[in-house]
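Trainee: When you get a sec, could you give me coordinates for this:
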Amino acid sequence: MATKELILFYIFKLQALTNDHLCRLIYSSEDDNSNKLRAKISKQIVTLRNEGLITSDVWLPYGGKIHSLTQEGINFINNNFDINPRHPYSGFDKVQGNFKESVLRLKESDLSKHMIFVEFAIKVINAEYFVRNKFYCVKHYQTIENNVSIAKKIQPYGEFTSKLGNKPYVLEIISSNEEKSELIEKFKGYHDYFNYLSEQGKPILISGIYILTDVQQNIPYHGDSVWQTIINAALEGLGPYSLTIEFTGLNKPSLKELYNKSLLKHDNMLHQKQNEEIEKTAQDPSSVGADQSLLSEGRDLEDEEKDDTNNKAESGKVYTSKYASWIEDMLTRDARWAKEELERQERAFEEQRAQKGVINRLKRLFSFK
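Mentor: Next up, the predicted model:
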């Protein structure tokens, strides 16, 4: 493939690229610092821009120019490459989708995340992995709200796999300034999507969720507040799927590595809070219901006791006993559920074993000193 075609192909594949990106993609096996190679790319870029096939923008703080295709450039792709949006590997290999210029044109507000995605994509492409951008990754599903079917979707920033035919990892790019509430909603979208597939009797064709952040150095978990926030949001948003779906990130410990420790900490806090509420209720039954979320079910028990007796102190004692019993049942049920989920995950280990090698190889690819 001629250099001109390669430039247009990679810009189409990854949405928007700089000269440096193109040099590392096209001359990956050569000295990418060579001024001669960079000059070749620059010359081709000028020609393509003069032919009206690409357009270039200069955005701070990155400096330099970032190139995207014009409609003429997209027409060139449509006329010279295999275009089949419905192909299962579309965007991963030589088969491509069909997008308009208005869709592919990079917005300045997306620049930061896009640059993180491209840096990742270049390394995995040069390592002979397969990667595709977010436009290929939209996943539609439906939920029922107030007896009305609501159409929804999730859109990861990209997907990658080590081998065509393997279930891909979805890529999410998270900035360190994103709120936890936003992240919970993002991961809840995956939870609802997985639920939808389960209800439809369809398999989950995702190996895991792979996170890229703007803080990619190796930082111990206890000192990495960004990753702590992401992990806690994932536990809350994904719910039970946090046990069955691989969740990890670039130079970050996986959720499974941290799960037992994080769950234990969460449980200890829950037990402490429940014990405090029990003691508080025993001492002052009128204080029951102060914590709305924890005692919503317990309040039903309190109402039953009030119907049975007008003795406030006696009612409090009976309520406390029933509430403590309810907590014990709840914890037993949760422990049994966790045990069953962990056993199911162990059964899925062999299926995921090959994909584990993918993550380990990425760790070596993106090792930071």
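Trainee: For the helix or strand hosting residue 124, name the packing helices and strands.
Mentor: Using DSSP states H and E, residue 124 sits within helix 111-126. The contact analysis (3 or more Cβ pairs under 8 Å, 6 or more residues apart in numbering; DSSP states H and E) places helix 111-126 against helix 3-14, helix 19-26, strand 130-133, strand 158-161, strand 169-174, strand 208-213, helix 349-365. Where you see a C-beta, it was placed from the backbone N, CA and C, and this is true even at glycine.
Trainee: The ones you listed into a markdown table, with extra columns for mean neighbour count?
Mentor: As requested, the helices and strands packed on helix 111-126 are exported to a markdown table (neighbours: other Cβ atoms under 10 Å):
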| stretch | mean neighbour count |
| --- | --- |
| helix 3-14 | 20 |
| helix 19-26 | 21 |
| strand 130-133 | 22 |
| strand 158-161 | 23 |
| strand 169-174 | 24 |
| strand 208-213 | 23 |
| helix 349-365 | 14 |
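Trainee: what would the ones you listed look like in JSON lines with distance to residue 62 and mean pLDDT?
Mentor: Shown next, in JSON lines, are the helices and strands packed on helix 111-126 (distance: least, Cβ to Cβ, whole Å; pLDDT from 0 to 100):
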{"stretch": "helix 3-14", "distance to residue 62": "15", "mean pLDDT": "94"}
{"stretch": "helix 19-26", "distance to residue 62": "10", "mean pLDDT": "92"}
{"stretch": "strand 130-133", "distance to residue 62": "18", "mean pLDDT": "96"}
{"stretch": "strand 158-161", "distance to residue 62": "19", "mean pLDDT": "96"}
{"stretch": "strand 169-174", "distance to residue 62": "16", "mean pLDDT": "96"}
{"stretch": "strand 208-213", "distance to residue 62": "17", "mean pLDDT": "95"}
{"stretch": "helix 349-365", "distance to residue 62": "23", "mean pLDDT": "65"}
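Trainee: So which of these is nearest residue 152?
Mentor: Using Cβ to Cβ as the measure, strand 169-174 is the one of the helices and strands packed on helix 111-126 that comes nearest residue 152, at 16.0 Å.
Trainee: ok, residue 217 - how many residues close by?
Mentor: 9 (other Cβ atoms under 10 Å).
Trainee: That one touches residue 251, doesn't it?
Mentor: Yes: using Cβ atoms under 8 Å, residue 217 is in contact with residue 251, at 6.7 Å.
Trainee: before we move on, back to that, how about the helices and strands packed on helix 111-126 in JSON lines, adding distance to residue 51?
Mentor: Output for the helices and strands packed on helix 111-126, formatted as JSON lines (distance: least, Cβ to Cβ, whole Å):
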{"stretch": "helix 3-14", "distance to residue 51": "9"}
{"stretch": "helix 19-26", "distance to residue 51": "16"}
{"stretch": "strand 130-133", "distance to residue 51": "24"}
{"stretch": "strand 158-161", "distance to residue 51": "29"}
{"stretch": "strand 169-174", "distance to residue 51": "33"}
{"stretch": "strand 208-213", "distance to residue 51": "34"}
{"stretch": "helix 349-365", "distance to residue 51": "36"}
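Trainee: With residue 120 as the reference, name the closest of the ones you listed.
Mentor: Here strand 208-213 is closest among the helices and strands packed on helix 111-126 (Cβ to Cβ), at 5.8 Å.
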